[in-house]
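Undergrad: attaching a predicted model along with its sequence, questions to come.
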Amino acid sequence: MPGKYPAEEQRIINELIIDKMKTKLKTSMALLASVFLWVSCAGGGGTSPSAMDPVDYVNPYMGNISHLLVPTFPTVHLPNSMLRVYPERADFTGDRLGGLPIIVTNHRERSAFNLCPYQGDESGLRPVIAYSYDREKILPYRYQVYLDNEEIDVDFAPSHQSAVYSLTFEKEGPAYLVFNSRNGQLQVNGNAVSGYQYIDKKTKVFLYAETNQKPVKAGVLSNGSVNYNETSVEGINAAMEKKADIVVLCSSDDEYATYAPEAFKLLNGRAEFVVAGNPACTEELQAAGITNFVHVRSNVLETLQAFNAKLLK
């Protein structure tokens, strides 16, 4: 049936209608895109520049990779405060954490003391646990990390002379906290752990920690098992945990008279005990049973041969 209009007029009318539909369609799409853009901008989770404090611009990760010198470390530290920490790893690229830090005494050393949360069978306890980690976030006033294999969420916040660790254990089974003093002394009393650690020849760092829940039991971790009959431990046990064949005491000459006999007694023949130095109290130490001394006047070959003869029996 022929159309209402001549063929040429009908074509022009159809083109006008199509063009008009295209215009409407483009307008609708542009409007829809504007709505999505507005929603995207309004719904963003970032902090607007006007709401940020100066401290929010601090990036602790800057300088964490070094090609020549020692890198910087992402430090959590309030201004003019005694307490600071950074993750227990070699540098920014390290994929393992050697436990959790408690206090760092200078900008290049490991922390004094060490904390290792653990959940599972008691046979998996270690003095220092190497953690795989994820979701790390470091700010000058906060340290957050997720220990993925252990499924433990860690949140740390420092104050000027103290700090708070929040630990969320997500697995089933008993949860443990392992404190390590490396070279020092620790003891537990109820829900409190206290002690000290030597960080150089004359300086002690002290620790006092409380848990918000009283532990079911506490003991000393040694040789892969926990002795629940003991509630205090000396730093010498850390060397025994590493199964050391030789334990070397490094201190100042005026302190050897006090510390060397004490350490020698605690070692109780479980390893060769060596004093690093030639102190004035050498005769007193020899009278106490200490026979091994290493210093600049030692004959290196004879010393090594003597130790080999003892260790390779």
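TA: Nice, I can see it. Residues are numbered from 1 along each chain as shown.

Undergrad: doesn't V296 lie inside a strand?
TA: No: read with DSSP: H, G, I helix; E, B strand; the rest coil, V296 is coil and lies in no strand.

Undergrad: just the CA atoms of stretch 60-76, as CSV, please.
TA: Output in CSV follows, covering the C-alpha atoms of stretch 60-76 (Å, rounded to 0.1, in the frame of the first residue of the first chain):
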residue,chain,number,x,y,z
PRO,A,60,57.3,6.1,56.4
TYR,A,61,58.2,3.9,53.5
MET,A,62,60.4,6.5,51.7
GLY,A,63,64.0,5.5,51.6
ASN,A,64,63.3,1.9,52.7
ILE,A,65,65.3,0.5,49.7
SER,A,66,68.9,1.4,49.5
HIS,A,67,71.5,0.5,46.8
LEU,A,68,74.6,1.4,48.8
LEU,A,69,74.0,2.4,52.4
VAL,A,70,71.7,1.0,55.1
PRO,A,71,68.1,1.8,54.2
THR,A,72,65.7,3.8,56.4
PHE,A,73,63.1,1.9,58.3
PRO,A,74,59.3,2.7,58.4
THR,A,75,59.2,3.9,62.0
VAL,A,76,56.2,4.3,64.3
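
Undergrad: give me the mean pLDDT for it.
TA: Taken as a whole, stretch 60-76 has a mean pLDDT of 86.

Undergrad: buried sites along it?
TA: 60, 64, 71-74, 76 (16 or more other CB atoms under 10 Å). No exception for glycine: its C-beta is placed from N, CA and C like everyone else's.

Undergrad: any chance of CSV for the residues you listed, columns distance to D95?
TA: Converted to CSV, the buried residues of stretch 60-76 look like this (distance: CB to CB, whole Å):
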residue, distance to D95
P60, 18
N64, 14
P71, 16
T72, 19
F73, 16
P74, 15
V76, 20
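
Undergrad: so where's the stretch 1-150 of the chain uncertain?
TA: By pLDDT under 70, the weakly predicted segments of the stretch 1-150 of the chain are 1-50, 108-110.

Undergrad: now do the helices in the stretch 101-250 of the chain.
TA: With DSSP state H, counting those that start in this stretch, the ranges of helices along the stretch 101-250 of the chain come out as 236-241.

Undergrad: what are the ranges of the strands in it?
TA: 114-119, 130-131, 133-139, 142-147, 152-158, 163-169, 175-180, 184-189, 192-198, 204-210, 220-222, 225-227, 232-234, 246-249 (DSSP state E, counting those that start in this stretch).

Undergrad: so which of the ones you listed gets nearest V296?
TA: Among those, the nearest to V296 by CB to CB is strand 246-249 (14.9 Å).

Undergrad: same for that closest one, what does it pack against?
TA: Packing partners of strand 246-249 (3 or more CB pairs under 8 Å, 6 or more residues apart in numbering; DSSP states H and E): helix 253-267, strand 272-276.

Undergrad: contacts for it?
TA: The contact list for strand 246-249 (CB atoms under 8 Å, 6 or more residues apart in numbering) reads 236, 239, 256, 259-260, 263, 267, 271-276, 294, 307, 311.

Undergrad: likewise for stretch 215-233?
TA: With CB under 8 Å, 6+ apart, stretch 215-233 has contacts from 122-123, 125-127, 174, 177-178, 181, 185-189, 191, 237, 240-241.

Undergrad: let's go with 10 Å and repeat that
TA: Contacts to stretch 215-233, defined as CB atoms under 10 Å, 6 or more residues apart in numbering, come from residues 116, 122-127, 174-181, 184-191, 193-195, 234, 237-238, 240-241, 243.
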